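> below: sequence and its predicted model.
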Amino acid sequence: ESLDAYVQLYTHQTQTPLEQRCPRRTVTMAPRRYHRGSAMMICAAACMASRNVEAIVTVGINLSGLEEGGKIPGKANFDFAVPSANEWAYFASKGIKIVRLPFKWERMQNISGPLSPTYLALVKTQLEMATNNSMTVILDCHNFGSGFGSKLNDPAGNVTSAIFADLWTKLATELLGNRAIAGFDIMNEPNNMPSPTAWPDAAQAAITAIRAVDKVTAIYVEGDHWSGAQNWSAQNPLLHTLTDSTCTNKAFGGKPCIVWSAHCYLDRDSSGTHFNWTAEVEAGVTVNTGVERLSDFVTWLEKNEYTHAHIGELGTGNDNIGWLESLNNSMVLMAENNFEFTYWSAGPWFSGGYGYDVDEQTVVVNGSKAPRDSIQMAVLSSFSGASAPNVYFLAGPARAYTGAASLPFTLTYRGYIKHAIEFTCSVTWGGTHISTVFTTTCADAYNCDRQFTVTANESVTHAISCTNTAGLVDAPSLQLNASSDMFQGAAATACNVFSLRRLYTNYEGPLIRIRRSIDNATMNFTTVSNDNVNLDCGAIAAWCSDPCLTYVDTWFDQSPFKYHAGNVTSDFHGGGNHNVSIADQPQLVLSDVSVRGTGKRTPSFHARIHFDGSRRMDAKSPIDKLTGQTLLAVMSANGTGPAVNNSDRLLSWSFVQSVVFPMKGGYLTSDSSTPLPLSISHTPGWHRYAGRWRGGAVNGKTTHKDGVLTSTSDSIDATELHFSYRDTVNIGWFRWGGPVFTGDVREIIVFNGALSDGDLGRFDQSESDWLA
């Protein structure tokens with residue numbers, strides 16, 4: 001029964017002719033026939049030109065997790081990840097037939113010891129999930145040619161071919177007859193092996209050991225030098241000498257029951273570590289890079305008359321259609337040669353943070369979560385035969401400033417498109433007014449992303465909705481609230497508003513609580529009664545006249561959240577909250593002002609909060625899982641200290657990741673180790689500074705000074721901020737080091753999203769008018 005099942009499996013995977021249909025060209029592919037020349041390239045080009053590929057390929061996925069982390073044995077879902085039943089079901093729904101399941105040798109057994117019952121049980125549970133979803137598994141020892149700190153057959157180590165064979169003897173025995181097992185990938189990516197024979201000797205020992213127990217299951221053998229397809233022949237001069245004479249699996253026609261498994265990434269160095277398509281093109285990558293790299297592997301297979309091959313890892317980025325064209329062209333070659341293919345990668349710990357990840361995504365629209373495919377899944381499912389999704393998504397801002405263009409709305413379809421889809425989007429307000437604001441046609445083969453803006457001319461709620469011509473389920477309509485109030489109409493919500501003026505329209509409380517030096521008494525102060533805007537400096541001067549000094553006990557948050565700034569509450573790096581006292585409080589300084597053009601002094605004052613390098617405050621400011629952020633500050637450097645540090649670290653969030661503003665004269669966000677320059681002036685004088693971050697976007701990070709753009713960079717390596725355990729912003733200091741900010745401040749605003757250019761302009765103008 002087991003033999004029949006395997007014969008049936010391999011008949012399905014390798015002996016059924018496939019058809020690759022392209023415009024004006026049809027290619028029928030016979031089994032055991034290798035293609036690497038111009039015919040394949042012509043077909044690939046024709047298919048991509050039409051964006052309509054209909055080949056059916058044995059498409060698989062790497063489901064990572066069990067092999068992750070360095071702690072041995074480790075705790076499941078803490079030190080390493082365990083794929084869930086939902087993940088298996090999702091990939092089955094996308095036509096995925098086979099899963100490469102990596103495991104870590106050191107968790108499976110000690111050297112030559114029994115298999116770990118706990119870890120083996122986790123693997124068997126994964127196999128049950130595969131069976132439940134009509135999928136099969138390639139079990140992969142994901143150890144890179146090593147085990148227990150030593151390369152296989154290294155004379156200086158203790159991991160011999162016999163020890164490696166022991167692992168596979170026990171696994172083959174334990175899993176004999178398991179319906180989910182499609183094959184054993186005996187070692188992932190051997191590399192830097194101690195001798196030319198080290199890997200072939202170990203591989204032969206594992207093959208022999210498995211065949212002593214199981215004469216049917218396919219054995220997947222990878223090549224040396226990371227199993228790279230691009231230089232397979234040169235790096236594996238002895239691999240063709242491996243034998244498998246006792247295999248009885250008829251699908252292999254009496255030849256060794258070995259599936260040769262190569263890896264091929266599509267970035268500049270085939271490392272799978274680069275994600276920006278534009279940068280890769282500059283480094284020499286093209287849409288045919290994968291095809292070119294696979295050709296050496298195809299040549300080796302043909303030369304040695306091998307009939308079964310597998311591309312065990314191949315992955316792409318997601319920021320440009322070029323990645324998808326490269327993936328498509330590589331899969332055309334695989335289809336023509338009847339290769340199996342397992343895409344790298346998916347897994348619980350990849351979701352949302354890895355550019356090659358194809359796990360199901362979750363989007364939030366109008367406060368509700370909805371599932372969505374990754375960008376790359378459109379290509380994979382077009383080859384797997386899965387049905388295209390029947391939904392699209394509409395996302396956009398909830399607020400806009402009246403009379404100005406909103407931040408962009410985004411219409412997104414994730415899937416392969418066989419026939420053009422036309423979308424029409426409209427805006428409705430006041431119950432009767434309706435206007436078409438956007439029409440577009442999506443004709444690309446893979447995915448569709450379109451953007452449009454809405455200009456609301458009335459301060460009311462507007463409904464944005466779209467329809468389509470393809471019978472897709474229309475996305476829920478969105479609400480856009482337009483307002484002429486600077487905060488209410490902004491594209492993001494202010495979560496901290498600290499200012500020495502009344503800034504937030506609906507705020508009615510005090511601006512600041514002052515402590516005076518002569519007796520440590522405290523008092524709240526608000527605005528001058530006749531303007532209800534500026535801090536009443538005269539009242540403060542009367543309450544604390546020379547030589548009395550004033551210190552800021554509380555800087556009140558004018559936002560609806562009321563996250564007031566006050567005494568330090570967060571712990572220092574290394575633990576503890578050392579020497580926190582009222583001596584930490586920054587000084588409130590009142591300065592006389594001159595009447596312009598007269599040279600005369602007046603009894604009016606303006607106020608500034610002074611940090612001298614030893615003063616600090618804390619405030620609650622949750623930023624975890626934000627997909628955008630905007631920071632505004634009106635501040636002046638005092639010209640003391642090192643030029644790059646004398647106004648550093650006014651605002652700092654830190655736990656695992658860091659956001660610091662300023663940092664070495666720039667804006668540091670969690671997606672980069674290099675701050676984006678702010679062009680800070682290091683001499684006294686008031687300036688208006690802004691830093692804006694929008695996750696996962698080209699030109700997603702910008703800095704501004706006095707209303708002028710100073711620097712721009714991409715933020716494609718991170719889509720959101722992660723600060724799960726701390727929701728505190730350090731003001732004037734950094735918990736990983738001593739207080740460092742030296743300078744004067746009049747206003748700080750923190751937004752929980754990216755403001756629009758128009759918003760930035762309005763806030764900057766307001767600050768400029770105030771300073772004037």
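Yep, that arrived.
> not counting residues beside it along the chain, what's closest to Gly758?
Using CB to CB, 6 or more residues apart in numbering and skipping the chain neighbours, the partner closest in space to Gly758 is Ala404 (4.7 Å). Every residue, glycine included, has its C-beta placed from N, CA and C.
> wait, that neighbour touches Thr455, no?
Yes - applying CB atoms under 8 Å as the test, Ala404 and Thr455 come out as touching, 6.7 Å apart.
> who's more crowded, the two?
Using other CB atoms under 10 Å as the criterion, Ala404 and Thr455 rank with Ala404 on top: 19 against 15.
> how far away is that one from Ser483?
Going from Ala404 to Ser483 by CB to CB, to the nearest Å gives 11 Å.
> now the common contact residues for the two.
Common contact partners of Ala404 and Ser483 (CB atoms under 8 Å, 6 or more residues apart in numbering): Gly489.
> next, the buried residues of stretch 478-498.
With burial defined by 16 or more other CB atoms under 10 Å, the residues of stretch 478-498 counted as buried are 478, 480, 482-483, 486-492, 494-498.
> correction: the previous question concerned stretch 147-157.
Within stretch 147-157, the residues scored as buried using 16+ other CB under 10 Å are Gly147, Ser150, Lys151, Leu152, Asn153, Asp154, Gly157.
> and these, which is closest to Gly695?
For the buried residues of stretch 147-157, the residue nearest Gly695 by CB to CB is Gly147; the value is 39.2 Å.
> which residues touch that closest one?
Shown in contact with Gly147 (CB under 8 Å, 6+ apart): Trp105, Glu106, Ile111, Val159, Ile163, Phe164.
> kindly recompute the last result at 6 Å.
Trp105, Val159 (CB atoms under 6 Å, 6 or more residues apart in numbering).
> for the one 5 residues further on, same thing?
Taking CB under 6 Å, 6+ apart, we find Leu152 in contact with Gly145, Val159, Phe164, Ala198, Ala202.
> gap between the first one and Asp359?
So the one you mean is Gly145. Using CB to CB, we find Gly145 at a distance of 28 Å from Asp359.
> tell me where the stretch 51-200 of the chain has strands.
For the stretch 51-200 of the chain, the strands defined by DSSP state E, counting those that start in this stretch cover 59-63, 98-103, 136-141, 146-147, 150-151, 181-185.
> which of those strands sits closest to Tyr504?
With CB to CB as the criterion, Tyr504 lies closest to strand 59-63 of these, at 48.9 Å.
> can you give me the angle the closest one makes with strand 181-185?
Comparing the axes of strand 59-63 and strand 181-185 via axes from the mean of the first three to the mean of the last three CA atoms, to 10 degrees yields an angle of 60 degrees.
> name the residues that touch strand 59-63?
Residues contacting strand 59-63 (CB under 6 Å, 6+ apart): 83, 91, 96, 98-101, 341-347, 380, 383-384.
> how about it: buried residues?
Neighbour-count burial for strand 59-63 [16+ other CB under 10 Å]: Val59, Gly60, Ile61, Asn62, Leu63.
> quick one, helices of this protein?
Under the criterion DSSP state H, the chain contains helices at 2-10, 38-50, 85-93, 105-108, 117-132, 161-174, 198-211, 232-235, 277-282, 289-303, 321-336, 377-384, 537-543, 757-771.
> ok, what's across the strand from the closest residue to Val363 other than its chain neighbours?
Of all residues not flanking Val363 in the chain, Arg372 sits nearest, at 5.0 Å (CB to CB, 6+ apart). Legend: beta-bridge partners of Arg372 under DSSP bridges are Gln361.
> pull the most distant pair out of the buried residues of stretch 478-498.
Using CB to CB, the pair of the buried residues of stretch 478-498 lying farthest apart is Leu478 and Phe498, separated by 31.6 Å.
> burial count for Thr243?
Neighbours of Thr243 using other CB under 10 Å come to 12.
> where's it relative to Asp717, distance?
As for Thr243, its distance to Asp717 is 46 Å (criterion: CB to CB).
> next: Thr439.
Plainly put, Thr439 is 34 Å away from Asp717 if you go by CB to CB.
> between the two, which is the more surrounded one?
Between Thr439 and Asp717, counted using other CB under 10 Å, the more crowded position is Asp717 (17 against 13).
> these two touch, right, that one and Asp671?
Yes - with contact defined as CB atoms under 6 Å, Asp717 reaches Asp671; the gap is 4.7 Å.
> so where's the chain uncertain?
By pLDDT under 70, the weakly predicted segments of the chain are 1-57, 352-353, 366-367, 572-579, 592-605, 638-647, 655-656, 725, 737-739.
> all strands for the stretch 651-772 of the chain, in order.
Assigned by DSSP E, counting those that start in this stretch, the strands in the stretch 651-772 of the chain fall at 651-655, 657-663, 666-668, 676-677, 687-694, 701-705, 708-713, 728-731, 742-751.
> the residue nearest to Pro200 when sequence neighbours are not counted: neighbour count?
The spatially closest residue to Pro200, leaving aside those adjacent along the chain, is Leu238, at 4.6 Å (CB to CB, 6+ apart). For Leu238, the neighbour count with other CB under 10 Å is 14.
> kindly report the same for Val460.
15.
> quick one on the thing from earlier: what's the closest of the strands of the stretch 651-772 of the chain to Ala607?
Here strand 742-751 is closest among these (CB to CB), at 7.4 Å.
> tell me what that closest one is packed against?
In terms of contacts (3 or more CB pairs under 6 Å, 6 or more residues apart in numbering; DSSP states H and E), strand 742-751 is packed against strand 494-499, strand 601-612, strand 628-637.
> return the distance of the shortest one from the chain's centre.
In other words, strand 494-499. Distance of strand 494-499 from the chain centroid (CA atoms, centre = their mean, to the nearest Å) equals 28 Å.
> same check on stretch 243-252?
Taking CA atoms, centre = their mean, one finds stretch 243-252 lying 44 Å from the centre of the chain it belongs to.
> and if you look at stretch 141-151?
With CA atoms, centre = their mean, you get 29 Å for stretch 141-151.
> now do the same end-to-end measure for it.
For stretch 141-151, the first and last residues are 14 Å from each other (CA to CA, to the nearest Å).
> next: stretch 690-702.
Per CA to CA, the first residue of stretch 690-702 is 8 Å away from its last.
> in TSV: the buried residues of stretch 147-157, plus distance to Gln657.
Below are the buried residues of stretch 147-157 laid out as TSV (distance: CB to CB, whole Å):
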residue	distance to Gln657
Gly147	34
Ser150	35
Lys151	35
Leu152	38
Asn153	42
Asp154	38
Gly157	38
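> just the residues you listed now: which is nearest Val391?
For the buried residues of stretch 147-157, the nearest to Val391 is Gly147 (46.2 Å; CB to CB).
> quick check: beta-bridge partners of that closest one?
As for beta bridges, Gly147 partners with Ser150 under DSSP bridges.
> roughly how far does it sit from Ile111?
Applying CB to CB, the value for Gly147 to Ile111 is 8 Å.
> which ones are touching Ala165?
Going by CB under 6 Å, 6+ apart, Ala165 touches Ala205, Ala206, Ala209.
> again, but for Asp244
Listed by CB under 6 Å, 6+ apart, the contact set of Asp244 reads Ile207, Pro256, Cys257, Ile258.
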